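S.K.: My questions concern the predicted model and sequence given below.
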Amino acid sequence: MAIYLTKESKVLVQGMTGAEGMKHTRRMLAAGTDVVGGVNPRKAGRSVDFDDRAVPVFGSVREGMDVTGADVTVVFVPPAFSKAAVMEAADAGIGLAVVITEGIPVHDSVVFHAYAERHGTRVIGPNCPGLISPGQSNAGIIPADITKPGRVGLVSKSGTLTYQLMYELRDTGFSTCVGIGGDPVVGTTHIDCLGAFEADPDTELIVLIGEIGGDAEERAAACIKESVSKPVVAYIAGFTAPEGRTMGHAGAIVSGASGTAAAKKSALEAAGVQVGNTPTETAQLVLERLAAASR
Amino acid sequence: MDLYEHQARELFEEYGILVPRAEVADSAKEARASAARLGGRVVVKAQVKTGGRGKAGGVKFARDPAAAELTARQILGMDIKGHTVHSVMLAQPVDIDSEFYVSYVLDRSQGRFLAIASAEGGMDIEEVAATRPEAVVRMAIDPFEGVPHKKAAGIAAAAGLPASAADTLTALWSVLIREDALLVEVNPLVRTAQGQILALDGKVTLDDNASFRQTRWGAQGPADRHEADELEAAAAAKGLNYVKLDGEVGVIGNGAGLVMSTLDVVAGCGARPANFLDIGGGASAQIMADGLSVILSDPSVTAVFVNVFGGITACDAVADGIVRALESVRLTKPLVVRLDGNNAARGRAILDERAHPLVEQATTMDGAARRAAELAHAA
């Protein structure tokens, strides 16, 4: 098993015919993802050839689901059209929408998150690298070839830090890695993933990567204390970031004492989580915990 | 992007919210003329995008145009928390009966905007919230309903604001939605002695992601250049995601999270990062050259650390980018490069072959940070 995404997942790609959509659909297919179709009303009825596989283009998410039984959609459409794309997917009743698009206005994402919630659609993102269950399926832009299947679950706000940790632990492997995205408002949170990893029999240890801004890590710490029995190892970025400045991610901004890296680290440590000082040290802590558990 | 107070005031006025009559001046002479047009008695307010102006002496009363000129001369050029005052707003004084606080702000954890209102305005609302939480009302706004009059009346009543403040609350919600604002705050919202509800001071933060459909303030934003650091302005002109810091190790990396982490690792080695620079996924020769030229022009930089993890990006492409950047930028300070991930071996071979005397490689992020710190201190 894994969380949210398995080899059974049938994946649609909204925006598949655009440059990013094409590039990453090819990569997803190469990683074994069952991409069953693209969505573009202007190109409905055609198909796109990816090496040895022709992927059909549907006029709507609903049509794609009716024909293929798709249960996941990956959204690559530009920011101005992302709200409509996610709402369409939620209307069609899809189970999971992975929104890769960066730069979506917050008022749009507030609306589509609320809409998706009412329709029972889980959203991952926006402004995220997506998620991968190595050896099974890859929905988004996470490089599939830097790690292997294993028993560590990973949840992170940051894309490149996810890759860094996946690479550091490439000989250990992962059940699922989820990049939840760096925007101020994201659909699936650290807490959601902690709960899913806790329930996943194939996940033995959880790595949590956070960064300055907001209180998601503090809330995750409270959740770990209460309801996570599996070991959790964490890494927090942004100790040296100055107050009140945005560091690339719209979410990575600190104002006042709340949301600082130090506050997050101490909240996690108080919940019994080991927090590494560097990505490499964090990977080392994971190896130590796994070794201790197998003794 | 934050707006200046006078810009927020203009917006409020446009949406039918009462505001004091006011003018903006960027010289003392102009301030005198403005004060005369406004009737003589004015409040002179520093226009900077930071709080605490009053405590810093940036808000002063002037009894006549001559006094306004003198006061403006004192305030213009003043430094308030690192912001230089380049203009002042002159506003007609208001006869205040009572002061309130209202705002709409994003609640990240709930994914909703919150209305925050209090009958205890005029002072630091965070302090009121901390010491007397019951005096501050918070209500989540359903994004599909917004703030119709009935909802606004409910917020006003719960916070102990006069019923007539409800119109202001609905108008402020319109500002938030139609202008794509992330924060709209009025502190204080006042009831005048004549019973009018008036926004005396305002703060508006716009969502940069919405600039494609919000063209009013222009792509670069209103007069931000006044306050921007020179290096930051140069980086912004090249479209780089750069933030100036106080240290001596220049940092270039790909991905905001990894770059933030790099700053921490450099600091952990006893050095101080000189900047944040995220070159994103592409890492082309052009962006590498642009990034290097900005960092090398920073006089406090004594060594540079390039930290790239090739996820989607292949490290050989990044190495090519560095090599080509070295053709157009004269390297004057040591450069430590760490390439890892996708095609790292090929990328390292390309840099080895180039064999620039000031470029050295390290195989781990921690090792590279230590080396960059050493080189920075040796310089």
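M.R.: Noted; the coordinates are in hand. Numbering: from 1, shown residues only, chains lettered A, B, ... in the order given.
S.K.: mind listing the helices for the stretch 151-300 of chain B?
M.R.: Assigned by DSSP state H, counting those that start in this stretch, the stretch 151-300 of chain B shows helices spanning B:165-178, B:230-237, B:256-268, B:285-296.
S.K.: Show me the domain layout of chain B.
M.R.: By the assignment in automatic domain parsing, chain B contains the domains B:21-91, B:96-210, B:228-378.
S.K.: What of chain A?
M.R.: Per automatic domain parsing, the structural domains of chain A span A:10-124, A:147-294.
S.K.: now the longest one, how far from the chain's geometric center?
M.R.: Mean C-alpha position of domain A:147-294 versus that of the full chain (Cα atoms, centre = their mean, to the nearest Å) differs by 12 Å.
S.K.: hang on, the earlier thing: ranking the domains of chain B by burial, who's on top?
M.R.: Mean neighbour counts were compared across those using mean count of other Cβ atoms under 10 Å in any protein chain shown; the top stretch is domain B:228-378, at a mean of 21. For every residue, glycine as well, the C-beta is placed using N, CA and C.
S.K.: Pull out the buried residues from stretch A:272-283.
M.R.: A:273-283 (16 or more other Cβ atoms under 10 Å in any protein chain shown).
S.K.: Quick check: the two most widely separated of those residues?
M.R.: For those, the maximum inter-member distance is 17.8 Å, found between A:V273 and A:T280 (Cβ to Cβ).
S.K.: quick one: which of the helices of the stretch 151-300 of chain B is nearest chain A?
M.R.: Among these, helix B:256-268 comes nearest to chain A, with 2.2 Å by Cβ to the nearest Cβ.
S.K.: helices or strands next to the closest one in the packing?
M.R.: Judged by 3 or more Cβ pairs under 8 Å, 6 or more residues apart in numbering or on different chains; DSSP states H and E, the packing partners of helix B:256-268 are helix A:159-168, strand A:205-211, strand A:232-237, strand B:249-253, strand B:275-278, strand B:303-310, helix B:365-378.
S.K.: Compare the mean pLDDT across the domains of chain A and name the weakest.
M.R.: Across these, domain A:147-294 has the smallest mean pLDDT, namely a mean of 90.
S.K.: distance between the ends of that one?
M.R.: Criterion Cα to Cα, to the nearest Å; first-to-last residue distance in domain A:147-294 is 21 Å.
S.K.: cool, stretch B:260-278 as well?
M.R.: Using Cα to Cα, the end-to-end distance of stretch B:260-278 comes to 9 Å.
S.K.: and what of stretch A:86-100?
M.R.: Stretch A:86-100 end-to-end distance (Cα to Cα) = 11 Å.
S.K.: tell me the phi and psi of the closest residue to B:I287 other than its chain neighbours?
M.R.: Nearest residue to B:I287, sequence neighbours excluded (Cβ to Cβ, 6 or more residues apart in numbering or on different chains): B:I279, at 5.1 Å. With angles defined as degrees, to the nearest 10, B:I279 sits at phi -90, psi 0.
S.K.: Return the residues in contact with B:I279.
M.R.: Listed by Cβ atoms under 8 Å, 6 or more residues apart in numbering or on different chains, the contact partners of B:I279 are B:240-241, B:252-254, B:287-288, B:291.
S.K.: Count the neighbours of the residue in the stretch 1-150 of chain A positioned nearest to chain B for me.
M.R.: Proximity of the stretch 1-150 of chain A to chain B (Cβ to the nearest Cβ) peaks at A:P105, 3.9 Å away. Neighbour count of A:P105, defined by other Cβ atoms under 10 Å in any protein chain shown: 22.
S.K.: Against A:V67, how distant is it?
M.R.: According to Cβ to Cβ, to the nearest Å, A:P105 stands 32 Å off from A:V67.
S.K.: Make TSV out of the domains of chain B and add distance to A:S266 and mean pLDDT.
M.R.: Formatted as TSV, those follow (distance: least, Cβ to Cβ, whole Å; pLDDT from 0 to 100):
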stretch	distance to A:S266	mean pLDDT
domain B:21-91	27	94
domain B:96-210	19	93
domain B:228-378	16	91
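S.K.: So which of the buried residues of stretch A:272-283 belong to helices?
M.R.: The members of these that map onto helices under DSSP state H are A:279-283.
S.K.: hang on, the earlier thing: out of the domains of chain B, which is closest to A:R53?
M.R.: Between those, domain B:228-378 lies closest to A:R53; by Cβ to Cβ that is 20.8 Å.
S.K.: gap between that closest one and the chain center?
M.R.: Distance of domain B:228-378 from the chain centroid (Cα atoms, centre = their mean) equals 24 Å.
S.K.: returning to what we had before: which of the buried residues of stretch A:272-283 are close to chain B?
M.R.: A:277-281 (Cβ under 8 Å from any Cβ of the partner chain).
S.K.: and those residues as TSV, adding distance to B:C315?
M.R.: Below are these laid out as TSV (distance: Cβ to Cβ, whole Å):
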residue	distance to B:C315
A:N277	25
A:T278	20
A:P279	17
A:T280	18
A:E281	23
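S.K.: Between the residues you listed, which sits nearest B:E134?
M.R.: Ranked by distance to B:E134 (Cβ to Cβ), these are led by A:N277 at 41.3 Å.
S.K.: Going by residue numbers, what spans are strands in the stretch 151-295 of chain A?
M.R.: Counting by DSSP state E, counting those that start in this stretch, one finds strands in the stretch 151-295 of chain A at the ranges A:174-179, A:205-211, A:232-237, A:274-276.
S.K.: Can I get these in JSON lines including distance to A:H24?
M.R.: Below are these laid out as JSON lines (distance: least, Cβ to Cβ, whole Å):
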{"stretch": "strand A:174-179", "distance to A:H24": "13"}
{"stretch": "strand A:205-211", "distance to A:H24": "22"}
{"stretch": "strand A:232-237", "distance to A:H24": "25"}
{"stretch": "strand A:274-276", "distance to A:H24": "30"}
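S.K.: Can you check which of these gets nearest to B:R272?
M.R.: So among the strands of the stretch 151-295 of chain A, strand A:232-237 is nearest, using Cβ to Cβ, at 16.7 Å.
S.K.: strands paired with the closest one, and their directions?
M.R.: strand A:205-211 (parallel), strand A:274-276 (parallel) (DSSP bridges).
S.K.: Please convert those strands to CSV, extending it with distance to B:D316.
M.R.: Shown next, in CSV, are the strands paired with strand A:232-237 (distance: least, Cβ to Cβ, whole Å):
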stretch, distance to B:D316
strand A:205-211, 27
strand A:274-276, 29
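S.K.: right, so those strands: which one is the most enclosed?
M.R.: Buried most deeply of the strands paired with strand A:232-237, by mean count of other Cβ under 10 Å, is strand A:205-211, with a mean of 27.
S.K.: quick one, that strand and helix B:256-268 angle?
M.R.: Comparing the axes of strand A:205-211 and helix B:256-268 via axes from the mean of the first three to the mean of the last three Cα atoms, to 10 degrees yields an angle of 80 degrees.
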